[in-house]
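Trainee: below are the sequence and a predicted model for it; my questions follow.
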Amino acid sequence: MNDISSAPTNIVIDARDVTLTLGEGAGAVEILRGVSLSVARGESVAILGPSGSGKSSLMAVLSGLERANSGRIGVAGQDFGALDEDGLARARRGRIGIVLQAFHLLPTMTALENVSVPLELGGVADAEARARAELEAVGLGHRLTHYPSQLSGGEQQRVAIARATAPRPGLLFADEPTGNLDAATGHEIVELLFDRQRAQGTTLVLITHDTELAARCGRIVEMRDGQIVRDRASEAVS
Ligand SMILES: Nc1ncnc2c1ncn2[C@@H]1O[C@H](COP(=O)(O)OP(=O)(O)OP(=O)(O)O)[C@@H](O)[C@H]1O
């Protein structure tokens with residue numbers, strides 16, 4: 001019923017004329033002003049733009065965290081506009097992974113628990129084994145029982161990446177994932193994201209204001225003032 005029947009099956013994101021207005025009355029701000037974007041399975045796409053251009057807001061509507069005011073959002077064959085809050089949560093679960101600038105790990109849980117508990121809640125049978133394998137894949141096999149406060153920023157972001165990729169989502173969003181890290185650590189984290197993308201065949205949408213980072217993606221979509229102003233292939237081989 002929620003299928004976007006007009007979208008070819010290899011299209012993971014099919015957004016048309018999306019608008020988003022936040023606030024009300026005189027305080028209302030038009031944040032997305034008619035955004036259309038189509039992303040194919042396995043692509044790596046950078047959303048590039050200055051602060052305030054609407055990058056994070058676009059990610060929020062494409063990941064079902066925020067509802068658009070108008071337009072159509074199809075993600076993995078689901079029409080987000082036709083889903084209620086529970087439906088949106090179900091559509092996200094296991095299918096969409098999100099990595100943010102702030103790592104948002106639960107401080108009272110170990111690295112292993114931060115990855116395994118969401119898997120358990122999602123009904124994955126071999127949650128702990130899978131979490132362990134994913135943490136090993138991000139180079140943290142020796143830090144399984146450490147708490148976030150005992151980990152460096154780069155290590156915490158690795159845990160956050162493992163948490164996002166462990167359910168094997170078809171679509172992974174990363175919003176300024178290196179923003180809280182020094183340059184060298186940030187570089188490692190970016191390598192890791194691309195490594196996981198290739199290993200799992202995931203579609204990656206990377207939100208950044210950093211042109212060098214954006215150039216690592218196969219495609220660069222530029223935003224200004226709530227609109228897409230440029231959409232081009234980059235020279236990156238990824
Ligand atoms: N809840 C809100 N109410 C009103 N305006 C908002 C709200 N959230 C964001 N905005 C405004 O929307 C615009 C776009 O914000 P958004 O965070 O999407 O931009 P961004 O490109 O991701 O910026 P940054 O790189 O600084 O994170 C900004 O002008 C911001 O002030």
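Mentor: Now that the structure is in, tell me what you want to look at.

Trainee: stretch 101-109 near the ligand at all?
Mentor: No. Counting by C-beta under 6 Å from any ligand atom, the ligand is not contacted by stretch 101-109; separation bottoms out at 8.4 Å. In this view, the C-beta of every residue, glycine as well, is placed from N, C-alpha and C.

Trainee: what comes into contact with that stretch?
Mentor: With contact meaning C-beta atoms under 8 Å, 6 or more residues apart in numbering, stretch 101-109 is reached by 111, 113-114, 117, 147-149, 153, 156-157, 159-160, 163, 175-177, 179-180.

Trainee: swap in stretch 139-146?
Mentor: Stretch 139-146 is contacted by residues Thr110, Ala111, Leu112, Arg132, Leu135, Leu151, Glu155, Arg158, Val159, Ala162, Leu192 when judged by C-beta under 8 Å, 6+ apart.

Trainee: now, which of those residues lie within helices?
Mentor: Among those, the members falling in helices (DSSP state H) are Ala111, Leu112, Arg132, Leu135, Glu155, Arg158, Val159, Ala162, Leu192.

Trainee: tell me the contacts of the residue lying closest to Ala214 once chain neighbours are set aside?
Mentor: Taking C-beta to C-beta, 6 or more residues apart in numbering, and ignoring the residues beside it in sequence, Ala214 has Ala46 as its nearest neighbour in space, at 3.6 Å. By C-beta under 8 Å, 6+ apart, the contact set of Ala46 is Leu206, Ile207, Thr208, Leu213, Ala214, Ala215, Arg216, Cys217, Arg219, Ile220, Val221, Ser234.

Trainee: give me that answer again for 6 Å
Mentor: By C-beta atoms under 6 Å, 6 or more residues apart in numbering, Ala46 lies in contact with Leu206, Thr208, Ala214, Cys217, Ile220.

Trainee: check Leu58 too.
Mentor: Under the criterion of C-beta under 6 Å, 6+ apart, Leu58 has no neighbours.

Trainee: now swap in Val138 and tell me
Mentor: Applying C-beta under 6 Å, 6+ apart, the residues near Val138 are Arg158, Ile161, Ala162, Leu192.

Trainee: need those in TSV with distance to the ligand and neighbour count, can you?
Mentor: Shown next, in TSV, are those (distance: C-beta to the nearest ligand atom, whole Å; neighbours: other C-beta atoms under 10 Å):
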residue	distance to the ligand	neighbour count
Arg158	22	25
Ile161	20	27
Ala162	24	28
Leu192	22	20
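
Trainee: quick one: secondary structure of the residue lying closest to Gly64 once chain neighbours are set aside?
Mentor: Distances taken as C-beta to C-beta, 6+ apart place Leu88 nearest to Gly64, at 4.3 Å, with adjacent residues excluded. Classification of Leu88 using DSSP: H, G, I helix; E, B strand; the rest coil returns helix.

Trainee: and what of Leu119?
Mentor: Strictly by three-state DSSP, Leu119 counts as helix.

Trainee: hang on, the earlier thing: so what's the residue nearest to Ala214 bridging to?
Mentor: Leu206, Ile220 (DSSP bridges).

Trainee: rewinding a little: Leu22: which of the contacts of Val138 is nearest?
Mentor: Ile161 (28.7 Å; C-beta to C-beta).

Trainee: check contacts around that closest one.
Mentor: Neighbour list for Ile161: Val99, Val138 [criterion: C-beta under 6 Å, 6+ apart].

Trainee: check which helix or strand covers Gly186.
Mentor: helix 183-200 (DSSP states H and E).

Trainee: for this structure, which spans come out with low pLDDT?
Mentor: Within the chain, the stretches with pLDDT under 70 are 1-8, 236-238.
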